[in-house]
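**Q** Please find the sequence and the predicted model below.
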Amino acid sequence: MDSVKNTFNRSLVNWLIALFIVAIVLPYIGSVRSWSTIFKVVFMYFIVNGGFALAFGYAIRRKGFRFYWIFAQFLVFGLLSNYLFSIVNESYGYYLAFLYLILTCFTFFANNDDDLDENELPVDGGYQDV
């Protein structure tokens, strides 16, 4: 049972469910409930989606997911929420999608001091005597 739990915790499924909720469901709820534009932009798009982009980029690096998952939130928010469903206003929706890509890349590439291969010695001239 613990192995199934650990597999699900390391799985990308949890992150993709959260991505679907953050990038599609929350903007849809905001448009249906007719919240003010300021509340939607500041709270939902900057704080919640931006925070998720930071956490998702960190999780991609730490859990060893494939590199192309960096583009997931950018594409889901940009293509589905903005273009296909028109949930988010197009005047700022694409800029927000690009911001999420930048934030995800920021946490993916930044501060990799805790990586496992950080303490390995480089081999410049190859292995001479093994």
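**A** Ah, there it is.

**Q** Output the contacting helices and strands for the helix or strand containing A59.
**A** Element membership of A59 [criterion: DSSP states H and E] is helix 50-63. The contact analysis (3 or more C-beta pairs under 8 Å, 6 or more residues apart in numbering; DSSP states H and E) places helix 50-63 against helix 13-20, helix 72-75, helix 90-109. The way it works is simple: take the backbone N, C-alpha and C, and place the C-beta from them, glycine included.

**Q** what's in contact with the first one?
**A** Surrounding helix 13-20, the residues in contact under the criterion C-beta atoms under 8 Å, 6 or more residues apart in numbering are 8, 52, 56, 59, 65, 72-73, 76.

**Q** Any quick ChimeraX command for the buried ones out of the residues you listed?
**A** In ChimeraX, a selection of the buried entries from those looks like this (16 or more other C-beta atoms under 10 Å):
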select :52,56,59,65,72,73,76
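
**Q** how close does the closest residue to I70 other than its chain neighbours sit to L54?
**A** Leaving aside its sequence neighbours, I70 sits nearest to T104 (C-beta to C-beta, 6 or more residues apart in numbering; 5.2 Å). T104 sits 8 Å away from L54, going by C-beta to C-beta, to the nearest Å.

**Q** From the chain's centroid, how far away is the helix holding A59?
**A** Chain-centre distance of helix 50-63: 5 Å, with C-alpha atoms, centre = their mean, to the nearest Å.

**Q** now that helix and helix 90-109, what's the angle there?
**A** For helix 50-63 against helix 90-109, the angle by axes from the mean of the first three to the mean of the last three C-alpha atoms, to 10 degrees is 30 degrees.

**Q** Surely L99 is in contact with G50?
**A** Yes: assessed by C-beta atoms under 8 Å, L99 is found in contact with G50 at 7.0 Å.
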